[in-house]
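A.B. asks: The following comprises the amino acid sequence and a computationally predicted model.
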Amino acid sequence: MTRHEIREYAFLLLYEALIRSEEIESMEALYADTEEMLELPVPEKVKRYVDGAMTQAAELDEIIATYSKRRALCRVPAINRAILRLALYELCQMPETPVNVVVSEAVQLSQAYAYPEDTAFINGVLGAYVRQRQTAKKETDTDEASPRD
């Protein structure tokens, strides 16, 4: 599977988990249902994304709420939350992946699955988060490089 296919598969499982949250007993149950339906195993690489994003859902939702200026988290559609959780998980936990790739993949997923205005929203939330993170990193680097008394 390509990285894009892994992300898309993970996004679809995250979305299903959000929609069926009350019915799903565990992520293993979700994987079992998916494997039964597709008659194929869910790849471990996909599970890494899904398990990570679901485990850190509260922290990722807090980031979404912080950078969503016009919508409360409860008003962000599940499809957008799934895309944002996946992208933010990758930004936070997989620093080896270039930031522009993560944002671009999230935008592509939103163009394929969400409304056009949602694409702008997703891009805006991720862009604001990335800019703030880069600013914080520059400040940290400057503080570490400045001479000490």
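C.D. replies: Perfect, I can see it now.

A.B. asks: helices or strands up against the top helix by length along the chain?
C.D. replies: Secondary structure of the chain read by DSSP state H shows that its longest helix is helix 116-145. Packing contacts for helix 116-145, counted by 3 or more C-beta pairs under 8 Å, 6 or more residues apart in numbering; DSSP states H and E, involve helix 57-67, helix 78-93, helix 99-113. Any C-beta I mention is one placed from the backbone N, CA and C, and that applies to glycine too.

A.B. asks: Run through this structure and note the low-pLDDT ranges.
C.D. replies: 22-24, 143-149 (pLDDT under 70).

A.B. asks: In space, not sequence, find me the middle residue of it.
C.D. replies: Nearest residue to the geometric centre of the chain (C-alpha atoms, centre = their mean): L86, 1.9 Å.

A.B. asks: Check whether it really touches A106, as I assumed.
C.D. replies: Yes. Using C-beta atoms under 8 Å, L86 is in contact with A106, at 7.2 Å.

A.B. asks: Distance check, the residue nearest to the centre of the chain against L13.
C.D. replies: Distance, L86 to L13, by C-beta to C-beta, to the nearest Å: 10 Å.

A.B. asks: same check, this time on R3
C.D. replies: Look at R3 and L13: by C-beta to C-beta, they are 16 Å apart.

A.B. asks: Repeat that for A58.
C.D. replies: Taken as C-beta to C-beta, the span from A58 to L13 is 18 Å.

A.B. asks: Name the residue in these two with the higher neighbour count.
C.D. replies: Per other C-beta atoms under 10 Å, whichever of A58 and L13 has more neighbours is L13, with 25 against 7.

A.B. asks: how far does the strand or helix carrying that one sit from the chain's center?
C.D. replies: Per DSSP states H and E, L13 falls inside helix 3-19. Centroid separation for helix 3-19 versus its chain: 10 Å, with C-alpha atoms, centre = their mean, to the nearest Å.

A.B. asks: Quick check: what element follows the helix or strand hosting L30 along the chain?
C.D. replies: Following DSSP H and E, one finds L30 within helix 27-38. Later in the chain than helix 27-38, the nearest helix or strand by DSSP H and E is helix 44-55.

A.B. asks: Compute the inter-axis angle for that next one and helix 78-93.
C.D. replies: Here the directions of helix 44-55 and helix 78-93 differ by 100 degrees (axes from the mean of the first three to the mean of the last three C-alpha atoms, to 10 degrees).
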